[in-house]
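**Student:** Have a look at this fold, sequence not included:
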């Protein structure tokens, strides 16, 4: 069965669709993947660059479909660059590389003959010959890398098929996706190698599931799916103390994939004359989408500026937030991280006034709409925008009582903390009396790694009210305290990751995690 699934996926995907699985298989074979297309537009005809355990360099160009003479002539210039232009990467510029042309179909006989003839010339000129990897070899690579780590129980395989064959491709069923990932990540492992092999198989399976969104050019489910995978990867690493050599390359290529998808989202956004989708749209649907997009493209700018020393923040992102902020929607606490991330981007860009305004407005809206019986009630961060929209328009399958949220907040302390750090004492003073009616809530895991899970199964529910009156010094001192020990070490080591994590798991936002950003 899995052979048929892999073959069906491989023959229906594009080069972007099998890029991550192919790179992961290289990692599993001991390669260090240096570059993927998601790092930015490549010249030199190279999609993936890697180095093996012997220090040999490899360059791969990925293609889709049958390569006949007509197609060969179209891509010939790229092939020449693939073979002849040296790899430009620190410490490896002078080394020869083995060039590979990879396709998920095959090449015609005339093309094979042409490659043989060209290889003679290339070898005579001191280059290494072009090698081919076609559909049959790719199938063998992918199937072999699954090993014994496939879902074997009927109900588990059924869950995989449900995710693979989903009809509604507008959003990812995160609950089912997480249930599927749990089958791999939460089990007990006997060796580090077993964990590495499991990760390889899971990367392939995730790509099969998320590839359907990629073919339909729907960015958000891909971003959320891979972010969920990374959170559970971090969980596995923290729980099992897995050395970096077994997982960091996987983390790197998946982060590249996420960055690429956000970049594609941004390109699509800025080439449109309006932001309406086909069919029934507008109103709160449009407002929610503008908020979500604003959060993700802001997070991408912050991540890139943390990773690349000389990265220049994108003015088009700034212009979008500045022009569309008043059209965005605070639907509940699951939207809080989106506004915080946009505010943080604006702060780095230099617009301190709008940055502070966003935090002030978010806090005020939460407090005013959630602290008294006559309020409507703001849904907690476990309620997605889709569920809130369905409730707003009266079409929800699962009805929740908005009044049940009144008087408590999971994000109040994070917003207060941000204003304290910005020394906005007058802002807090103006709203403090109303604010103290709200109970601060959070769940603290008993095991640090459980913080990375979507649901903390073993933890303590903590709640408290702010004092009235309240000492400003006491608040300031608390804001300066070191990060609590329940925050995973990997998040402290890679703080830029938190920008993405909070958008995907908004219920993890609290006063401790916000210290990292």
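**Tutor:** Received, thanks. Because the structure is a prediction, the values reported are computed rather than measured. Numbers count the residues shown, from 1 in each chain.
**Student:** gap between the spatially most central residue of the chain and residue 296?
**Tutor:** For the chain, the residue nearest the mean C-alpha position is residue 227 (3.4 Å; CA atoms, centre = their mean). Separation of residue 227 from residue 296 (CB to CB, to the nearest Å): 10 Å. C-beta: built from backbone N, CA, C; applies to glycine.
**Student:** Residues that sit against both of these two, list them.
**Tutor:** residue 503 (CB atoms under 8 Å, 6 or more residues apart in numbering).
**Student:** Now do the strand or helix carrying the residue nearest to the centre of the chain: which elements does it pack against?
**Tutor:** Using DSSP states H and E, residue 227 sits within helix 219-240. Helices and strands touching helix 219-240, by 3 or more CB pairs under 8 Å, 6 or more residues apart in numbering; DSSP states H and E, are helix 174-185, helix 192-215, helix 248-270, helix 283-307, helix 489-493, helix 497-504.
**Student:** Report the distance from the third one to the chain centre.
**Tutor:** It refers to helix 248-270. Helix 248-270 has its average C-alpha position 7 Å from the chain's average C-alpha position, going by CA atoms, centre = their mean, to the nearest Å.
**Student:** what's in contact with it?
**Tutor:** Against helix 248-270 from outside (CB under 8 Å, 6+ apart): 19-20, 23-24, 27, 31-33, 36-39, 199-200, 203, 217, 219-220, 222-223, 226-227, 229-230, 233, 275, 293, 296-297, 299-300, 303-304, 314, 316-317, 320, 497, 500.
**Student:** Which residues are in contact with the residue nearest to the centre of the chain?
**Tutor:** Residue 227 makes contact with 258, 500-501, 503-504 under the criterion CB under 8 Å, 6+ apart.
**Student:** Closest to residue 123 out of these?
**Tutor:** Of all those, residue 123 sits closest to residue 258, with 39.7 Å by CB to CB.
**Student:** Give me the number of neighbouring residues for that closest one.
**Tutor:** Neighbourhood size, residue 258 [other CB atoms under 10 Å]: 25.
**Student:** now residue 217
**Tutor:** Residue 217: 10 neighbours (other CB under 10 Å).
**Student:** same thing with the one 5 residues further on?
**Tutor:** Applying the criterion other CB under 10 Å, we find 26 residues in the vicinity of residue 222.
**Student:** Does it touch residue 207 like I think?
**Tutor:** No - using CB atoms under 8 Å, residue 222 is not in contact with residue 207; the gap is 9.7 Å.
**Student:** quick one on the thing from earlier: now list the buried members of the contacts of helix 248-270.
**Tutor:** Using 16 or more other CB atoms under 10 Å as the burial test, the contacts of helix 248-270 include 19-20, 23-24, 27, 31-33, 36-38, 199-200, 203, 219-220, 222-223, 226-227, 229-230, 233, 293, 296-297, 299-300, 303-304, 314, 317, 320, 497, 500 as buried.
**Student:** tell me what the lowest-mean-pLDDT helix or strand in the chain is packed against?
**Tutor:** Least confident helix or strand, the chain: helix 154-164 with a mean of 82, by mean pLDDT, DSSP states H and E. With contacts defined as 3+ CB pairs under 8 Å, 6+ apart, the packing partners of helix 154-164 are helix 174-185, helix 192-215.
**Student:** which helices and strands does the longest one pack with?
**Tutor:** Spelled out, it's helix 192-215. helix 2-12, helix 15-28, helix 135-146, helix 154-164, helix 174-185, helix 219-240, helix 248-270.
**Student:** possible to save the ones you listed as a markdown table with distance to residue 397?
**Tutor:** Output for these, formatted as a markdown table (distance: least, CB to CB, whole Å):
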| stretch | distance to residue 397 |
| --- | --- |
| helix 2-12 | 30 |
| helix 15-28 | 32 |
| helix 135-146 | 36 |
| helix 154-164 | 17 |
| helix 174-185 | 14 |
| helix 219-240 | 20 |
| helix 248-270 | 28 |
